[in-house]
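*Asks:* with the input below, show me the fold.
(one chain, ligands or ions: 1)
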Amino acid sequence: MKPNKFFCTIVLSALAVCLNTSFAYRQKWFENSPPKITITSPLNDDRFAWNATIRYNIKITDKEDGSSEYDEINAKEVLLEVCYLKDASKVKNYLASKANMVKEDKGLTLLRNSDCFTCHASKNKLIGPSFELIAKRYPINNNSLERLTKKVMNGSTGIWGQVAMPAHPAMKKDEVREMISWILTNNSNPNISFYPGIEGAFRTKEKTAKETGKEVLVLTASYTDHGEKTSTQNKKYGQHSILLKAAN
Ligand code: HEC
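*Replies:* Residues are numbered from 1 along each chain as shown. The predicted structure follows:
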């Protein structure tokens, strides 16, 4: 090898190493950190009473978004899912199905960020019917999706009572369809309910002959961050689950 060719190879290799490290460093430096979600109350392994109100609090900290302790997190973007399981042996599978989630369902995100939860709750009637009753009334098919999408966009009255749902003319049709699809797909199970907000309360069921006292409640809080400053593409989803056992 001629000396200047040799020199060239050395310089080029050094340059390649430099570029590579600086790229990796940049990646790491700018990479969005995942949010840390903690259900601060109740506590894992606490007991729950039947037909009682359970208050909950969720804490979120995220390197880029900030901390819920300083009101830097939009409470509307936090969701609690509550699931009854027959006994503790069912917990592992349920948590495994949750662990695979890398992002929130698009329809749910749209719904949370809209006004829907001010009039609808997962299990109770507010101004509008519960999502559970809606999901039980309409099978998941193209007909229901089309019909209910139109209802949300144009408004509705007379189906569930005389109170009207206002029209949502500014919404995009395919986005409303995603919301309806989330409602119909995820709300017919009487054992799973959803609560938006960083704190709040829910009621446990009444104990009937069906309940054995071995039931457990799994509470899962979730939040999707806003990405890093230079890009909102790489958003990260996080969740935290705790287990409550029936008091008897
Ligand atoms: C101001 C209160 C209010 C808001 C906000 C609201 N709804 Fe409603 N919603 C109602 C009421 C009241 C009804 C029952 C209307 C009826 O009886 O026809 C209803 C009914 C529905 C139905 C069932 C319609 C049918 O034909 O059975 C769906 C689905 C629905 N809402 C979804 C949504 C979604 C999605 C949003 C958010 C984009 C939303 N609602 C926002 C009050 C509201």
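
*Asks:* measure Ala167 to the ligand for me?
*Replies:* 10 Å (CB to the nearest ligand atom, to the nearest Å). C-beta: built from backbone N, CA, C; applies to glycine.

*Asks:* tell me the secondary structure at Tyr84.
*Replies:* strand (DSSP: H, G, I helix; E, B strand; the rest coil).

*Asks:* what's next to stretch 117-137, contact-wise?
*Replies:* The contact list for stretch 117-137 (CB atoms under 8 Å, 6 or more residues apart in numbering) reads 76, 111, 148, 160, 163, 165, 183-188, 190, 193-196.

*Asks:* find the nearest non-adjacent residue to Gly155, please.
*Replies:* Ala167 (3.7 Å; CB to CB, 6 or more residues apart in numbering).

*Asks:* give me the pLDDT for the one you found.
*Replies:* The pLDDT attached to Ala167 in the predicted structure is 98.

*Asks:* and for it, the neighbour number?
*Replies:* Residues contacting Ala167 under the criterion other CB atoms under 10 Å number 13.

*Asks:* same check, this time on Ala88
*Replies:* 12.

*Asks:* kindly report the same for the one 10 residues further on.
*Replies:* As a burial measure, Lys98 scores 15 neighbours (other CB under 10 Å).

*Asks:* please look at it and Ser241 and confirm they touch.
*Replies:* Yes - counting by CB atoms under 8 Å, Lys98 touches Ser241, with 6.6 Å between them.

*Asks:* overlap in contacts of these two?
*Replies:* With CB under 8 Å, 6+ apart, Lys98 and Ser241 have common neighbours Thr220.

*Asks:* I'm done for today, thanks for sticking with me.
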